[in-house]
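Trainee: Okay, sequence plus prediction incoming.
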Protein chains: 2
Amino acid sequence: MNYKIDNLQYCKWSREVFQINHDAGLDAVHVTVVYHEDYDEFLRRVSEWSDHFKQNSDLILLGKNYKDIDKAKSENKTAIFFGFQNCSPIEDDIGLIEKVHEHGCRFMQLTYNNQSLLATGCYEKNDSGVTNFGKEAIKEMNRVGIVIDMSHSGEKSTFDAIELSEKPIAITHANPSFWHKALRNKSTDLLKTLADSKGMLGLSLYAHHLKDSTNCKLESFCEMAAKTAEIMGVKNIGVGSDLCLNQPDNVVEWMRNGTWTKTKNFGEGSKSKPGFPKQPDWFIDARGFKNLEKGLKKVGFNDEDVNGILGNNWYNFYKGIN
Amino acid sequence: MNYKIDNLQYCKWSREVFQINHDAGLDAVHVTVVYHEDYDEFLRRVSEWSDHFKQNSDLILLGKNYKDIDKAKSENKTAIFFGFQNCSPIEDDIGLIEKVHEHGCRFMQLTYNNQSLLATGCYEKNDSGVTNFGKEAIKEMNRVGIVIDMSHSGEKSTFDAIELSEKPIAITHANPSFWHKALRNKSTDLLKTLADSKGMLGLSLYAHHLKDSTNCKLESFCEMAAKTAEIMGVKNIGVGSDLCLNQPDNVVEWMRNGTWTKTKNFGEGSKSKPGFPKQPDWFIDARGFKNLEKGLKKVGFNDEDVNGILGNNWYNFYKGIN
């Protein structure tokens, strides 16, 4: 059995988007349900998702563990797994980790770009690693079954998280920095350590993480995947597209600025390019998985490896965490 | 005119405590109104204080700037200035800084013992300094008129705060580490830099900050004050007693553990001594200011310097920040 999994999307959710993911053959998607929301706001997002599940029950179902991926596959649907890009829903309360898990959370970043109460984000000047509260939170996330996601974290914090976590962690959406230097991309040393601990890297299709941005070539992306497989082993790589379909530009502004600054912060963008970047033409949306399949084969991956990267590796990772 | 000011107390507030402070001749007290409370919980504390002011209007009034210290003095009352030991009431929202100021907040620690969103606490292993959000918060605190208090912060974070703040900062309650090594006490280098920036140190009378703890001798404390005056200049020193009169031991447990850990943390205490430590017999409560006065004179301070340490220096600091 082969699975197709996109392990990170933050689209403006609608029937249209669920249909696109269905047409792309996705069996599972890890969706971002919150960025900077607190616990009460998270509950509102859960309630909105509850409406999505009711109104699109022919296309999606809530995923709680790997078995729901099989269920979705057999019913020709997509399993939706909830995740957080920031730890703000647990506020300063370790007791809320169990609560968010009860409401479906299965992935949580310890930080977005800035310092959090748990660890340091990749946009801070100094990284002090996982904090006192962070150490407690990792134990609790391990206990209840929430994957630690370090996509937006600083390097030392990520090394710490790998060491502290008793379960493999994930970098759900980022690329290697050897290919494209960006604060969000990851060093070869870090990727090796991640793979040694059976952690997963979801390769990102977001233009700011790509060499040559929107103009990135499919071939270049797939060559990067091949080199990353040499570094990490082909079983530790998947896709986390970071697709933000139909989101208006004020959303990326909010993602970057939250409520923490009065000075406008452009994050990965710039004053002249403040909005969402355009996707490369071979990955406008998840239907681009087909192009990835061709491209990966072309650079020499065999069928098993291609199927692994496009979903089976994530499926096996989900199996290991439940 | 001479003032008596205790620039940090966190007592279980009651008419009895206000009466003791009155009997001690205190013209002003900086009181801790929150530790780990969020914004809504802070508003509840404000409402409780509103009751205190109504029920004890013959003893206390709300202090908003230095003129209220004069008002309190002329009316034979104590001016109460609100402060936070953690930045949790501003949550992740820079807009709340102006709001808490409107509700009377005049001092805010950037951190309690742990990492906050603004800076690193003195109980963390690594200190990455003031964060991106912290830099914005310092600008806003400067603008609205909230003093940056680094009593419970790490050393690098404190150096950063001194450098970043356009107004002098305070360490409202701590002692020099040359006298008693404790995570909460401060290095000579830091105290020099604090004084160079016209910042204030409030000497603490809390047993865990004292040499020989509860058995600390008045003479030893006053000799420490003399040596600190040599380092910092006598104008930069005051008192921040850290008195926690009538607080039950479950309060110190909450101060240390908040809601961030499932493992019990004993902070400055230990498993065998988990509660509030006993005060030294010469400073059971604020009436101990009289003993301080005698002790400081005995180690060679002249009247002007003693009056400075017991209140005039804090009064002048308040004058400079409004």
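Mentor: In hand now; what should we look at?

Trainee: Secondary structure class of A:L201, three-state.
Mentor: Reduced to three states with DSSP: H, G, I helix; E, B strand; the rest coil, the structure at A:L201 is strand.

Trainee: Give me the nearest residue to A:N56, chain neighbours excluded.
Mentor: Ranked by Cβ to Cβ, 6 or more residues apart in numbering or on different chains and with sequence neighbours excluded, the top spatial neighbour of A:N56 is A:F18, at 5.1 Å. (Each C-beta comes from the backbone N, C-alpha and C, glycine too.)

Trainee: what kind of secondary structure is the one you found in?
Mentor: Look at A:F18: counting by three-state DSSP, its state is helix.

Trainee: Can you name the residues that contact it?
Mentor: A:H52, A:N56, A:L59, A:I60, A:T78 (Cβ atoms under 8 Å, 6 or more residues apart in numbering or on different chains).

Trainee: Measure how buried A:W179 is and give me the count.
Mentor: Neighbour count for A:W179, taken as other Cβ atoms under 10 Å in any protein chain shown: 20.

Trainee: Could you pull up the residues touching it?
Mentor: A:N185, A:K211, A:S220, A:M224, A:K227, A:T228.

Trainee: Now the last one: which helix or strand?
Mentor: Of the helices and strands defined by DSSP states H and E, A:T228 is found in helix A:218-232.

Trainee: what does that helix rub up against?
Mentor: When contacts are defined by Cβ under 8 Å, 6+ apart, helix A:218-232 is touched by residues A:175-176, A:178-179, A:188, A:191-192, A:194-195, A:201, A:203, A:205, A:210-212, A:237, A:280, A:282-283, A:291-292, A:295-296, A:298-301, A:305, A:309.

Trainee: how about the contacts of A:W179 in a markdown table, adding distance to B:Q9, pLDDT and neighbour count?
Mentor: Supplementary listing: those in a markdown table, determined by distance: Cβ to Cβ, whole Å; pLDDT from 0 to 100; neighbours: other Cβ atoms under 10 Å in any protein chain shown:
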| residue | distance to B:Q9 | pLDDT | neighbour count |
| --- | --- | --- | --- |
| A:N185 | 50 | 98 | 22 |
| A:K211 | 59 | 97 | 17 |
| A:S220 | 64 | 98 | 18 |
| A:M224 | 60 | 98 | 20 |
| A:K227 | 62 | 98 | 15 |
| A:T228 | 58 | 98 | 24 |
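
Trainee: where does chain A dip in pLDDT?
Mentor: Low-confidence segments of chain A, defined by pLDDT under 70, are located at A:322.

Trainee: Longest helix of it, counting residues only.
Mentor: Secondary structure assigned by DSSP state H gives helix A:39-55 as the longest helix of chain A.

Trainee: for the next helix or strand after it, packing partners?
Mentor: Tracing the chain past helix A:39-55, the next element assigned as helix or strand by DSSP H and E is strand A:60-62. Under the contact criterion of 3 or more Cβ pairs under 8 Å, 6 or more residues apart in numbering or on different chains; DSSP states H and E, the helices and strands touching strand A:60-62 comprise helix A:39-55, helix A:66-74, strand A:78-84.

Trainee: any idea where the helices of the stretch 151-300 of chain A begin and end?
Mentor: Listed from the start of the chain, the stretch 151-300 of chain A has helices (DSSP state H, counting those that start in this stretch) covering A:155-164, A:188-196, A:218-232, A:249-257, A:289-298.

Trainee: residues making contact with the first one?
Mentor: For helix A:155-164, the surrounding residues in contact (Cβ under 8 Å, 6+ apart) are A:110-111, A:119-120, A:122, A:127-130, A:134-135, A:138, A:148, A:150, A:153, A:169, A:171, A:186-187, A:190, A:193-194, A:197, A:199.
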